[in-house]
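Chemist: sequence and predicted model, in that order:
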Amino acid sequence: MKNIYIVCSSLNLGGAEIQSVWLANKLVKKGYRVSYVVLKKSNYISTYLDKNINLIQYKMYAADSNKNLVKIRKLYNFFSGIVLFRKKIKKDNALVFSFLFHSNIFVFLSTLFTNKKHIICIRNDRFNSRNSTKNLKIRFFLIYIVSLFSYKIVFNSNKAHQTIGRKLPEKNRQTVILNSIADFKVPVDEEKYTDIKNFLKGSHNRFVSVGRLEPLKNYENILKAFMILKHKGIEFKYVIFGQGFLEDKLKNIISESNLEEDVILLGGIRGAKEYLDLFSYYILGSIHEGFPNSLIEAMSKGLIPFVTDAGDAFDIISQDRGVQIEDTRADQIAATIFGFLEKKDTKVNNDMLVNISSYLNTDLNQDNIINKWIDLIK
C-alpha cells in the first residue's frame with residue numbers, strides 16, 4: 001500500500017487548501033495511508049482533516065520580522081524542512097501530491113534524484129501570489145523545471161490547462177480534474193446565522209460573496225456597483241464573507257457610499273457554505289481565479305450566480321447556469337445586475353436552477369472526481 005503525502009503551503013481558508021484537504025479525507029476513507037504536510041504552521045481549517053490523517057506541520061515561513069537576517073532565516077527554515085521531508089519519504093513507498101507554488105517547489109527538491117513520484121497540481125492559469133502578479137515569468141520557469149521531473153501534472157481548471165498546459169512538456173502526462181464541492185461537516189454558529197438573517201429580513205434581493213479581501217477579488221468595484229444600484233432605486237442587501245488586508249479600505253468605501261445599512265463585511269467564517277441558503281444571488285466579480293470553489297458551493301445552495309470572466313467561471317455558468325458580467329468595471333457590474341433584476345423572470349430563474357442541479361450531479365459528481373485521483377495512484 002502506498003503512503004500518500006499531500007503537501008500544501010498552509011491550512012488557511014483558500015480554494016487550493018480546501019481541495020487538498022477534501023482529497024486527503026476522501027483517500028483515507030478509501031483505505032489509503034495519508035499524511036497531510038503543511039509548510040506554514042496554520043490551523044484555520046485543520047479541524048476539517050479526518051482524524052486518521054497524519055498532520056505534519058513545518059514552520060518554513062516562521063521568522064520574526066523584528067529580528068535580523070529575516071530572508072536568510074526563511075531560506076534556512078525552507079531547506080531544513082526539505083531535508084527532514086526527504087528523510088521521511090525515503091523510508092516509504094511514497095507518492096506525493098503538491099498544491100500551490102511553494103509546495104510544488106518544496107516537493108520537487110524533496111523528491112529530486114529519488115524514486116518517489118511527485119504529482120503537481122496547478123490551480124490557476126498564472127503563477128501569481130495571493131496579492132501580486134509580480135515575478136510571473138520567474139515562477140513559470142521554475143514550474144517548467146519542476147514539471148520535467150514530475151510524474152503527472154494535474155490541472156484543477158480547464159483555463160489553467162488551456163493556458164499553461166500547452167507551454168509545459170509531455171502533454172501525455174497532463175490531466176484535468178475539476179474541483180468537487182467540499183462536504184465538510186462544519187457546525188453553524190447559531191448566533192451569527194440569526195444576525196445575518198435579521199440583517200437580510202425584508203429584502204427581496206439578497207446578495208453574497210465569499211473570498212479574501214484582496215485586490216484580485218475586485219470588491220472595490222463590486223461595492224461601487226452597489227452604490228450605483230442604490231442610486232437607481234434598487235433595493236438590496238449584500239454580505240461579504242472573507243478577511244484580508246483590504247478590510248479598512250472597503251469599510252471606508254461602504255461608509256463614503258452610504259451603504260452601511262445595505263452591506264456588511266462578516267470576516268472569515270469557517271463553513272461559510274452553511275450560511276448561503278439565506279441568500280438569493282452570488283457575486284463573483286474577480287479579476288483572476290482558478291476553478292472557484294465558492295461559486296460552485298453557492299450554486300449547490302440554490303443561488304443564481306453573477307460572474308466575471310475569471311478562470312473557469314464562464315465555463316461553470318455556461319448553458320444558462322448563471323449570468324455573465326462582461327467586464328470587471330463597477331458600471332458594467334451594476335448594469336448587468338440591474339438588467340437582470342428589472343426583468344424578474346421567475347421561469348428564467350427556475351430554468352437556471354434546474355441546469356445548475358444537472359451540472360453539479362454530472363460534471364462535478366464526487367465519486368467520479370475521486371476516482372480520477374485514484375487512477376493516478378494505481
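Modeler: On my side now, so go ahead.

Chemist: what's near enough to touch residue 303?
Modeler: By CB atoms under 8 Å, 6 or more residues apart in numbering, the contact set of residue 303 is 208, 276, 279-282. Yep, even glycine has a C-beta here, placed from its N, CA and C like the rest.

Chemist: which parts of this structure are helices?
Modeler: All helices of the chain, identified by DSSP state H, fall at 15-29, 70-90, 101-111, 136-149, 158-164, 190-200, 219-231, 247-256, 293-300, 313-316, 330-343, 346-362, 366-377.

Chemist: dump those helices into TSV; add distance to residue 4 as well.
Modeler: Listed next are these as TSV, based on distance: least, CB to CB, whole Å:
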stretch	distance to residue 4
helix 15-29	6
helix 70-90	11
helix 101-111	13
helix 136-149	19
helix 158-164	23
helix 190-200	35
helix 219-231	37
helix 247-256	37
helix 293-300	22
helix 313-316	28
helix 330-343	42
helix 346-362	27
helix 366-377	7
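
Chemist: what's the least confident stretch among these?
Modeler: Mean pLDDT is lowest for helix 70-90 out of these, coming in at a mean of 88.

Chemist: buried sites along it?
Modeler: Neighbour counts over helix 70-90 (16 or more other CB atoms under 10 Å) mark 77-78, 81-82, 85-86, 88-89 as buried.

Chemist: from the contacts of residue 303, which land in strands?
Modeler: 208, 281-282 (DSSP state E).

Chemist: ok, so of the residues you listed, who is nearest residue 345?
Modeler: The shortest approach to residue 345 among those belongs to residue 281, at 14.0 Å (CB to CB).

Chemist: okay, the contacts of residue 303 in TSV with pLDDT and distance to residue 365 next?
Modeler: TSV is the format used below for the contacts of residue 303 (pLDDT from 0 to 100; distance: CB to CB, whole Å):
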residue	pLDDT	distance to residue 365
208	98	25
276	96	21
279	97	25
280	96	26
281	98	25
282	98	21
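
Chemist: need these in JSON lines (columns: neighbour count).
Modeler: Formatted as JSON lines, the contacts of residue 303 follow (neighbours: other CB atoms under 10 Å):
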{"residue": "208", "neighbour count": "25"}
{"residue": "276", "neighbour count": "20"}
{"residue": "279", "neighbour count": "24"}
{"residue": "280", "neighbour count": "17"}
{"residue": "281", "neighbour count": "22"}
{"residue": "282", "neighbour count": "22"}
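
Chemist: export those residues to TSV and tack on distance to residue 145?
Modeler: Converted to TSV, the contacts of residue 303 look like this (distance: CB to CB, whole Å):
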residue	distance to residue 145
208	41
276	41
279	44
280	47
281	44
282	38
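
Chemist: tell me the one of those nearest residue 45?
Modeler: Ranked by distance to residue 45 (CB to CB), the contacts of residue 303 are led by residue 276 at 17.5 Å.

Chemist: backbone phi and psi for the closest residue in space to the closest one that isn't next to it in sequence, please?
Modeler: Spatial nearest neighbour of residue 276, excluding adjacent residues (CB to CB, 6 or more residues apart in numbering): residue 301 at 4.0 Å. As for residue 301, its main-chain torsions (degrees, to the nearest 10) stand at phi -100, psi 10.

Chemist: count of residues packed around residue 301?
Modeler: By other CB atoms under 10 Å, 17 other residues sit near residue 301.

Chemist: that one reaches residue 278, doesn't it?
Modeler: No - Residue 301 lies out of contact with residue 278 (CB atoms under 8 Å); the separation is 9.2 Å.

Chemist: what about the closest residue to residue 284 other than its chain neighbours, neighbour count?
Modeler: Using CB to CB, 6+ apart and skipping the chain neighbours, the partner closest in space to residue 284 is residue 307 (4.4 Å). For residue 307, the neighbour count with other CB under 10 Å is 25.

Chemist: residue 307 is in contact with residue 321, isn't it?
Modeler: No - Residue 307 sits out of contact with residue 321 when judged by CB under 8 Å, with a separation of 9.9 Å.

Chemist: rewinding a little: for residue 173, state which of the contacts of residue 303 is nearest.
Modeler: Distances from residue 173 to those, taken by CB to CB, are shortest for residue 282, at 35.3 Å.

Chemist: enumerate every residue touching the closest one.
Modeler: By CB under 8 Å, 6+ apart, the neighbours of residue 282 are 207-210, 276, 294-295, 298-299, 303-306.

Chemist: from residue 206, how far out is it?
Modeler: As judged by CB to CB, to the nearest Å, residue 282 and residue 206 stand 10 Å apart.

Chemist: and what of residue 270?
Modeler: In terms of CB to CB, residue 270 sits 21 Å off from residue 206.

Chemist: reformat the ones in strands among the contacts of residue 303 as TSV; add distance to residue 167.
Modeler: Converted to TSV, the ones in strands among the contacts of residue 303 look like this (distance: CB to CB, whole Å):
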residue	distance to residue 167
208	36
281	37
282	32
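
Chemist: name the nearest of the residues you listed relative to residue 105.
Modeler: Nearest to residue 105 among the ones in strands among the contacts of residue 303: residue 282, at 33.9 Å, using CB to CB.

Chemist: distance check, that closest one against residue 321.
Modeler: 12 Å.

Chemist: which residues do these two both contact?
Modeler: Shared contacts of residue 282 and residue 321 (CB under 8 Å, 6+ apart): 299, 305.

Chemist: now for the residue nearest to residue 276: which residues touch it?
Modeler: Contacts for residue 301 (CB under 8 Å, 6+ apart) come out as 273, 276-277, 279.
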